[in-house]
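Q: Sharing a sequence plus its predicted fold:
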Amino acid sequence: MHMNIKDIVKNNAARFSFYRAGHMYYELVVDGQRYRFPVSLEDLGTATLLAEHKAITLMRYIRKALEDNTFVKP
């Protein structure tokens, strides 16, 4: 799967789905299809995670998920 990060984050929002094993999982919709990706709590430091974020604020984690093939359909 090759997706353009700019197309994913533009005017989009990511919503919290669930927590498991040190990762918060967020979902967003791209071209009508839902995708899920992890956000490692270890990487966050003192950052605040909300139930919903503008997708662009999580772009670092979306990019990593695309590279690691963890940006997946639920």
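A: Thanks, I have it.

Q: so what secondary structure elements neighbour the longest helix along the chain?
A: Assignment by DSSP state H gives helix 59-68 as the longest helix of the chain. Applying 3 or more Cβ pairs under 8 Å, 6 or more residues apart in numbering; DSSP states H and E, one finds that helix 59-68 contacts helix 5-9, strand 33-40. All C-beta spots, glycine's among them, are computed from the backbone N, C-alpha and C.

Q: Only the buried residues of the last one, if you could.
A: Within strand 33-40, the residues scored as buried using 16 or more other Cβ atoms under 10 Å are Y35, R36, F37, P38, V39.

Q: ok, now the shortest one?
A: For helix 5-9, a neighbour-count test (16+ other Cβ under 10 Å) marks I8, V9 as buried.

Q: could you say what helices and strands the helix or strand encompassing E27 packs with?
A: Assigned by DSSP states H and E, E27 belongs to strand 23-30. Secondary-structure packing of strand 23-30 (3+ Cβ pairs under 8 Å, 6+ apart): helix 5-9, strand 13-20, strand 33-40.

Q: pLDDT (mean, whole number) over it?
A: Mean per-residue pLDDT for strand 23-30: 96.

Q: what comes into contact with that strand?
A: Residues outside strand 23-30 that contact it (Cβ atoms under 8 Å, 6 or more residues apart in numbering): 3, 7-8, 12-19, 34-41, 49, 53, 55, 58, 61, 74.

Q: and the angle for it with helix 59-68?
A: Angle, strand 23-30 to helix 59-68, by axes from the mean of the first three to the mean of the last three Cα atoms, to 10 degrees: 90 degrees.

Q: Just the CA trace of strand 23-30, in PDB.
A: Output of strand 23-30 as PDB, limited to C-alpha atoms (Å, rounded to 0.1, in the frame of the first residue of the first chain):
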ATOM      1  CA  HIS A  23       0.400   1.900  22.400                       C
ATOM      2  CA  MET A  24      -2.600   4.100  21.900                       C
ATOM      3  CA  TYR A  25      -4.400   3.200  18.700                       C
ATOM      4  CA  TYR A  26      -6.000   5.900  16.600                       C
ATOM      5  CA  GLU A  27      -8.300   5.600  13.600                       C
ATOM      6  CA  LEU A  28      -9.000   8.000  10.700                       C
ATOM      7  CA  VAL A  29     -10.800   7.800   7.400                       C
ATOM      8  CA  VAL A  30      -9.000   8.200   4.100                       C
END
